[in-house]
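Colleague: the following comprises the amino acid sequence and a computationally predicted model.
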Amino acid sequence: MIKFLKKIFKVHSPSKEWPKIDVSKKPKFKIIAVDFDGTLSTNEWPGIGKPNIGLIVYLIWMRWLGVKVILWTCRSGEYLDQAVEFCKEHGLEFDAINENLPEIIEHMGGDTRKIYADIYIDDKSNTHFKLPYKE
């Protein structure tokens, strides 16, 4: 898995600097909700900007460790389809897209408007990943 992640990062990252990920610790959280524009890519709405490879690699690694990742974006229709395809091309897939995980829907008795997550990564609120992402 690490070889795969390093390959993705090497091919797509202009800095070629491997992000610091502590592979010895399992995360305590179970669900991450992540925004697209300005977060997974540079904000070039309605187009798609350049990938935030450091964050993409981090999320791929978290999924490999068993964390569920939800794409949580205002995009819909063909713009959403383009964002999902962009992420797939960079090795990132999601457990849910703009909806709660099935186990959360069952627990809540329906799909609530607010996406339930332990961590929300968004250019409007998060500074850990140097967001909004700009190259």
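Modeller: That came in fine, so what should we check first?
Colleague: give the residue spans of the protein that score low on pLDDT.
Modeller: Scanning the chain with the threshold set as pLDDT under 70 gives 1-29, 126-135.
Colleague: ok, which stretches of it are helices?
Modeller: Applying DSSP state H to the chain gives helices spanning 2-12, 53-64, 77-89, 102-108.
Colleague: isn't residue 100 right up against residue 110?
Modeller: No. Residue 100 is beyond contact range of residue 110, at 9.1 Å (criterion: C-beta atoms under 8 Å). C-betas here are computed from N, CA, C, even on glycine.
Colleague: the more surrounded of these two?
Modeller: Neighbours were counted for residue 100 and for residue 110 using other C-beta atoms under 10 Å; residue 100 has more, 22 against 8.
Colleague: I'd like to know how far the more buried one sits from residue 60.
Modeller: Look at residue 100 and residue 60: by C-beta to C-beta, to the nearest Å, they are 22 Å apart.
Colleague: and for residue 32?
Modeller: Taking C-beta to C-beta, one finds residue 32 at 12 Å from residue 60.
Colleague: any idea what the residue nearest to the spatial centre of the chain is bridged to?
Modeller: Central residue of the chain (C-alpha atoms, centre = their mean): residue 34, 4.7 Å from the mean position. Applying DSSP bridges to residue 34 gives these bridge partners: residue 71, residue 121.
Colleague: show me what contacts the residue of the chain positioned farthest from its centre?
Modeller: Centroid-distance maximum for the chain: residue 109 at 26.1 Å, with C-alpha atoms, centre = their mean. By C-beta atoms under 8 Å, 6 or more residues apart in numbering, the contact set of residue 109 is empty.
Colleague: got a list of what residue 104 touches?
Modeller: Residues counted as contacts of residue 104 (C-beta under 8 Å, 6+ apart) are 31, 116.
Colleague: rerun that using 7 Å as the cut-off
Modeller: By C-beta atoms under 7 Å, 6 or more residues apart in numbering, the contact list for residue 104 reads residue 116.
Colleague: return the set of buried residues in stretch 87-106.
Modeller: 87, 90-92, 94, 96-98, 100-101, 104 (16 or more other C-beta atoms under 10 Å).
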